[in-house]
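Participant: one predicted model, sequence on top.
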Amino acid sequence: MCTAALGDLADSLQEKVSVLDLEVNRSGPTFTIDTINQLRMIYPRDAFTIILGSDAAAKFDEWYRAEALKKIVDILVVKRPGQSKSGFAEVEIDAIDISATQIREAITKRADLAPVLSPSVLTYIKENGLYGSK
């Protein structure tokens, strides 16, 4: 789905983004800290920032090894309108007020998501039957 979403980006942005399949190729449960540690081996000179939505940030302390993760990455929260301050660095964007959870629920209910998802991502979700879509 990430690769499909890249197709909607301007060419100048596409060349600055890499999509890796580290998590899907890992056997067993996959945790963010494991992915970050693997990325640190691949890109030892780089720093990493995890970008979260407000909903995910609110539950970050429940993540596997959250405290250890905070020590090795920066965390940036994209704050949705009407959400409480997260305690992390935040950026507000001019965006619709909808969460990933709400999108999954809308797909389950077969609601029209054309106003909130790019055409390529919506097509990918439907073609691959994600979240019960078809």
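Facilitator: Nice, thanks for sending it over. Residues are numbered from 1 along each chain as shown.
Participant: only C-alpha atoms from now on, for both contacts and neighbour counts.
Facilitator: Fine.
Participant: neighbours of residue 21, how many?
Facilitator: 7 (other CA atoms under 10 Å).
Participant: list of residues touching the helix ranked longest in the chain?
Facilitator: Secondary structure of the chain read by DSSP state H shows that its longest helix is helix 32-42. Residues outside helix 32-42 that contact it (CA atoms under 8 Å, 6 or more residues apart in numbering): 22, 23, 46, 48, 64, 65, 68, 69.
Participant: for that helix, what is the distance to the chain centroid?
Facilitator: 16 Å (CA atoms, centre = their mean, to the nearest Å).
Participant: can you give me the buried ones in it?
Facilitator: Residues 33, 34, 36, 39 are the ones in helix 32-42 that count as buried (16 or more other CA atoms under 10 Å).
Participant: which residues of the chain fall in strands?
Facilitator: 49-53, 74-79, 89-92 (DSSP state E).
Participant: nearest to residue 113, out of the ones you listed?
Facilitator: Using CA to CA as the measure, strand 49-53 is the one of the strands of the chain that comes nearest residue 113, at 18.7 Å.
Participant: name the helices or strands packed onto the closest one?
Facilitator: strand 74-79 (3 or more CA pairs under 8 Å, 6 or more residues apart in numbering; DSSP states H and E).
Participant: hmm, who's touching the strand it packs on?
Facilitator: For strand 74-79, using CA under 8 Å, 6+ apart, the contacting residues are 48-54, 57, 85-86, 88-93.
Participant: of these, just the buried ones, PyMOL syntax please.
Facilitator: Selection of buried members from these for PyMOL, criterion 16+ other CA under 10 Å:
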select buried, resi 51+52+53+54+57+86+90
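Participant: where's the closest residue to residue 55 other than its chain neighbours relative to residue 26, distance?
Facilitator: Excluding its sequence neighbours, the residue lying closest to residue 55 (CA to CA, 6 or more residues apart in numbering) is residue 99, at 7.2 Å. Residue 99 sits at a distance of 27 Å from residue 26 (criterion: CA to CA, to the nearest Å).
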